[in-house]
Structures are given as structure tokens and as C-alpha cells.
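Participant: kindly generate the corresponding structure for this input.
(one chain, ligands or ions: 1)
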Amino acid sequence: MMPSQRIPEPEAMVDDTVEYDQWAQHYLHKVGYSWIRTLLTDGHCPPAPRVLDLGTGTGRLLTTVLEAFPLGEGVGIDLSDTMLEMARAHVQTKPGIKATFCRGNVRALPFETDQFDVVVSFASMHHWQGPLAPVFLDAHRVLKPGGMLVIGDLKRTEQNRLLLNWIPSPSFRKLAEASIYASYTPQELADILAQHPLLSTWRIVENPFAMAVVTPQ
Ligand SMILES: C[S@@+](CC[C@H](N)C(=O)[O-])C[C@H]1O[C@@H](n2cnc3c(N)ncnc32)[C@H](O)[C@@H]1O
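Facilitator: Okay, the predicted model is just below:
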């Protein structure tokens, strides 16, 4: 059975980073990055957006998004120097992608107000320690009026737990299990949004494996 309470993971990710990056490319790309890219391309994004990726890790979501907006540019922020080094190396293999990375905490974003056309995130939210609402509100602060915010994550559902049995690699299965057990349920996320007047105007979108909070368009 899926645990009724979250089992949190450590905040900054410094272990198993090479393995993690392989898992991200194989699994998270399908369930998260390409889905978020489609939400953005179907939304109202300018052709050359400035994009912020919260908890960017090895930068795979940011580069996936920028590939759809080749005139855009991005910044990825993360607590882990190990992940950021891999993100910088990864971007060097992608000519034409304009992305930079900085060390920082999503709880105190080092950016001025109204800086970004797009704020994205995937699979980082379940690592954030403490309440989510202040992080959502600070992400909204740095978003330009009318900009689009999509903060996604895996979801702690029984269906996702059952799907773990279909991941053939034991090490990928271990990473996936820890992430799913640390994740929120869609109802937990809805309850958090409902408690704040601004956040209650946001919606939750879902695919079979993942969910995201999205600003109204
Ligand atoms: C599972 S990884 C996901 C990375 C990336 N978003 C992806 O989809 O591959 C979670 C990342 O969030 C970062 N992280 C966790 N808490 C953070 C915080 N408070 N501020 C910034 N980054 C954080 C971790 O260091 C880690 O790199």
C-alpha cells in the first residue's frame, strides 16, 4: 500500500547524481518534461521567453523547454553544486541553448520582481522542506504579470506505486520509489492552494503519473 503520509527525501541532492541523470533522461523526460513543454507551447508564451527552472538539478527540464523556444533563454537554480556542475556540462552539449545556472534556495529566490515570462519545475517540489505556499508565492513574485507558471512533480498515488514494478532497473526503481513516497497527492496540493486567496485561483493539471500547479491564463 502507498504510505498515507509523505516520506520526505533529503533537500539538496548530492548522492547518486550520475544514476539520477540517467533516470531523468529515461523516465522523467517522458512523464514530466515533455508534458510541461506541451503545456507551455499550448499556452500563451511569448516567442522568446525568459524561463526560470526551480530545483533544476541537471538542467534536463530547462533544456527541453528551451528547445521548444529557441529564441528564449533560461536560468536554473538549485541547492546542489554537484547537480549544477552536471547541468552546465549538459548545456555545453546543446549548441544554441542559452541557459545559465546558479546556486540558491527556492525559498529565497535571488531575483527581482517580474523577471520571468515562464517559471517551471519538475520533481523538485517533493524535496522542499517546510510549507509549499511561500515557495509558490515567491515564484509568482518573480513571474511577469500574465506569465505562465507550471510547477510539476510526481504524485503519491497507488497507481504510481504499482507502476514501480514495471521499472526493470533496480537502481532506477529505488530512485523512483523514494521520489513517489516523498511526493504529495493531488488532494494535498489542492488543500494547500485552497488556503491562500491568490493560490486558490491556480489549477492542478494531471497526467497518469504526474501533476502540476498552473497559473490561470
Ligand atoms: C529529484 S531532483 C529534480 C531535478 C530536476 N528538476 C529534474 O527534473 O531532473 C530535485 C532537485 O531539487 C533540488 N532542491 C531541493 N530542494 C531545493 C531548494 N530548497 N532549493 C533549490 N533546489 C532544491 C535538489 O538539489 C535536486 O537537484
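
Participant: confirm Val213 sits in a strand?
Facilitator: Yes: checked against DSSP: H, G, I helix; E, B strand; the rest coil, Val213 lies within a strand.

Participant: after the worst-scoring helix or strand of the chain on mean pLDDT, next one along is what?
Facilitator: When the helices and strands of the chain are scored by mean pLDDT, DSSP states H and E, helix 17-23 comes last with a mean of 86. Next in sequence after helix 17-23, counting helices and strands by DSSP states H and E, comes helix 34-41.

Participant: angle of whichever helix or strand comes after that following helix against helix 34-41?
Facilitator: Following helix 34-41 in sequence order, the next helix or strand is strand 50-54 (DSSP H and E). Here strand 50-54 runs at an angle of 150 degrees relative to helix 34-41 (axes from the mean of the first three to the mean of the last three C-alpha atoms, to 10 degrees).

Participant: is the closest residue to the ligand within the chain in a helix, a strand, or coil?
Facilitator: Among the residues of the chain, Gly57 lies closest to the ligand, at 2.3 Å counting by C-beta to the nearest ligand atom. Just so you know, the C-beta spots here come from the backbone N, C-alpha and C atoms, and that holds for glycine as well. Here Gly57 is coil, with the state taken from three-state DSSP.

Participant: circling back to that earlier point, who's in contact with the least confident helix or strand of the chain?
Facilitator: If you take C-beta atoms under 8 Å, 6 or more residues apart in numbering as the criterion, helix 17-23 is touched by 13, 57-58, 60, 80, 82-83, 86, 90, 171-172, 175-176.

Participant: quick check: which element contains Gln5?
Facilitator: Applying DSSP H and E, one finds Gln5 in no helix or strand.

Participant: got phi/psi on it?
Facilitator: Dihedral pair for Gln5: phi -110, psi 150, per degrees, to the nearest 10.

Participant: please apply the same query to Thr215.
Facilitator: phi -70, psi 150.

Participant: which residues does it contact?
Facilitator: Per C-beta under 8 Å, 6+ apart, neighbours of Thr215: 140, 143, 147-149, 201-202.
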